[in-house]
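Colleague: please work out how this folds:
(chains A and B, ligands or ions: 2)
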Amino acid sequence: MQEKHLKKILLVDDETNFCTLLKLNLEKRGPFEVLTTTNPNDVMKLAKENKPDLILLDILMPEMDGMTVAAALKGNKDTKDIVIAFLTALANEEDVRDMKGIAGDNFIFSKLGTTEELMISISRILI
Amino acid sequence: MKDINKTKEQLITELAALRRQNAELKKAGSEHQQEKESDQQALLEIEKRYERLLSAESRLIQDEKMASLGVLSAGVAHEIKNPLAIILQGIELLEISLLKEDVGDVLAMMKDAVFRASKITKDLLTFSRESAPALEEIDLAMVIDETLSFVDHIFSLKQIRIARDFSHGLPMVKVDPNQMKQVFINLLTNAAEAMPEGGAITIAAESAKNIHNRKIVRIVITDTGHGISDEDKQRIFDPFYTTRKKSGGTGLGLSVVKGIIQKHKGDIKIENKPGGGTGVIIELPCHVNEIKEGVAE
Ligand SMILES: Nc1ncnc2c1ncn2[C@@H]1O[C@H](COP(=O)(O)OP(=O)(O)OP(=O)(O)O)[C@@H](O)[C@H]1O
Ligand SMILES: [Mg+2]
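Modeller: Ligands and ions are numbered 1, 2, ... in the order given. Model prediction:
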């Protein structure tokens, strides 16, 4: 019963530990089910299979950057409607503001905010 | 940079040749009086050009250093923030998993440390990404007043008295008011930190002429703090040089201040006061119509 109300989030970040911990934090605090992957190449497949409500994408990953992944998702008819939010460890707001241009209409969240802040931002998007 | 090195070599050769010639002429006596005079003139001229070149060179080196520091610190900031994000997530998880009161404080302290480290990476970026000043023609007294109203309250709590020794109507200067506020905040904070037991800060401003007979506004900020040792004095403007590491100093304050003053074509000096305490002297040119970027003249 509960299951149905869970919002599904796909978290993509090259740091395994970050994925593990953020997944636990979000699932413990809110009505979320979080899938994770550290491999940007798997995102398309996972997105098609699981139809997440939101994809949280790290921007700077060694294999493929988040912008490229997002562009691919937006370019595919099966995944183009999934909401994308970038997660970034970039140093300050200026950087994030500079990125807005590149990131298009997608949301940008800081990795160094509290989980509480992140949840508020996520809820705002998904409601 | 390469060009400058070439010109520099050329000038050094020319200079050496002229110096030699000059010495020979001196030896030869006064029959070549006229030749000697015009030669001396040329020598002076070249010496002047050489000096200008040296100062342009040092500025270029500084610019290059800042640019590479900018790239470096952006990279480092990112590399540091990722592990910090993991630590933060770990702490947050512990916070909801361990409901015991006594570890709550520990976790809060750890979280605090994470945010502090994250702030340093941000300071570093602000410092290295020297932005060009947005100039406005302005009365510095106003900028100082605004800065003071910002710190007045905190300072009075710390038993620090502030004396204002200036009146409005100083000659106009063309400055970036936000950058100037950053300068004064940094200097006032330094002064306050040098007086942990409290004390007095005087901030004076006057119009004056500098050694080149140019009209300037001179601002002097003095405190009654512990002063600066001769050894520290050599290094206080170096990025990351701090004697206050324990209390959270990053050592970027004065580097930022110096960078801003230089961009405004001003001067800054720091001296110990005879009776104890420190004096910071800033001179800013009046009526600058345009601050040119890069090499002067
Ligand atoms: N008014 C002053 N009186 C005594 N010492 C000073 C004063 N101003 C600066 N200093 C010395 O110069 C050092 C460098 O100052 P600076 O502002 O660059 O860094 P900081 O104050 O240590 O750290 P930050 O400004 O980054 O918080 C200080 O650590 C201190 O030793
Ligand atoms: Mg300081």
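Colleague: mean confidence score for the helix or strand where B:Glu35 lies?
Modeller: In this assignment (DSSP states H and E), B:Glu35 forms part of helix B:33-97. Mean pLDDT, computed over helix B:33-97, is 78.
Colleague: tell me how many other residues surround B:Ile282.
Modeller: For B:Ile282, the count of nearby residues is 25 (other Cβ atoms under 10 Å in any protein chain shown). Bear in mind the C-beta positions are built from the backbone N, C-alpha and C, glycine included.
Colleague: which non-adjacent residue is nearest A:Asp13?
Modeller: A:Asp58 (4.1 Å; Cβ to Cβ, 6 or more residues apart in numbering or on different chains).
Colleague: for that neighbour, list the residues it contacts.
Modeller: Contact partners of A:Asp58, counting by Cβ atoms under 8 Å, 6 or more residues apart in numbering or on different chains, are A:Val12, A:Asp13, A:Asp14, A:Glu15, A:Gly66, A:Phe86, A:Leu87, A:Thr88.
Colleague: how about the third one, secondary structure?
Modeller: If I follow you right, that is A:Asp14. coil (DSSP: H, G, I helix; E, B strand; the rest coil).
Colleague: and the contacts of A:Asp58 as a markdown table, adding distance to B:Leu99?
Modeller: Shown next, in a markdown table, are the contacts of A:Asp58 (distance: Cβ to Cβ, whole Å):
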| residue | distance to B:Leu99 |
| --- | --- |
| A:Val12 | 32 |
| A:Asp13 | 28 |
| A:Asp14 | 33 |
| A:Glu15 | 28 |
| A:Gly66 | 36 |
| A:Phe86 | 33 |
| A:Leu87 | 28 |
| A:Thr88 | 32 |
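Colleague: so B:Ile228 makes contact with B:Ile236?
Modeller: Yes: counting by Cβ atoms under 8 Å, B:Ile228 touches B:Ile236, with 6.4 Å between them.
Colleague: low-confidence ranges in the stretch 151-297 of chain B?
Modeller: Residue ranges of the stretch 151-297 of chain B with pLDDT under 70: B:287-297.
Colleague: so where do the helices sit in it?
Modeller: Along the stretch 151-297 of chain B, counting by DSSP state H, counting those that start in this stretch, helices occupy B:177-193, B:230-233, B:253-263.
Colleague: now the longest one: buried residues?
Modeller: The one in question is helix B:177-193. Buried residues in helix B:177-193, counting neighbours by 16 or more other Cβ atoms under 10 Å in any protein chain shown, are found at B:177, B:179-188, B:190-193.
Colleague: which two of these have the greatest separation?
Modeller: Greatest spatial distance in these: B:Pro177 and B:Glu193, 24.2 Å, computed using Cβ to Cβ.
Colleague: which other residues reach stretch A:117-127?
Modeller: A:Lys7, A:Ile9, A:Leu26, A:Arg29, A:Gly30, A:Phe32, A:Asp53, A:Leu54, A:Val83, A:Ala85, A:Phe107, A:Phe109.
Colleague: can you rerun that using 7 Å?
Modeller: With Cβ atoms under 7 Å, 6 or more residues apart in numbering or on different chains as the test, stretch A:117-127 has contacts from A:Lys7, A:Leu26, A:Arg29, A:Gly30, A:Asp53, A:Leu54, A:Val83, A:Ala85, A:Phe107, A:Phe109.
Colleague: out of those residues, which are buried?
Modeller: Among the contacts of stretch A:117-127, those scoring as buried are A:Lys7, A:Leu26, A:Gly30, A:Asp53, A:Leu54, A:Val83, A:Ala85, A:Phe107, A:Phe109 (criterion: 16+ other Cβ under 10 Å).
Colleague: which among the residues you listed gets closest to chain B?
Modeller: A:Leu26 (9.8 Å; Cβ to the nearest Cβ).
Colleague: surely that closest one touches A:Leu35?
Modeller: No: A:Leu26 is beyond contact range of A:Leu35, at 11.2 Å (criterion: Cβ atoms under 7 Å).
Colleague: give me every residue that touches the residue most central in space within chain B.
Modeller: Geometric centre of chain B, nearest residue: B:Lys258, 1.0 Å, by Cα atoms, centre = their mean. Each residue near B:Lys258 by Cβ under 7 Å, 6+ apart is listed here: B:Phe237, B:Ile268.
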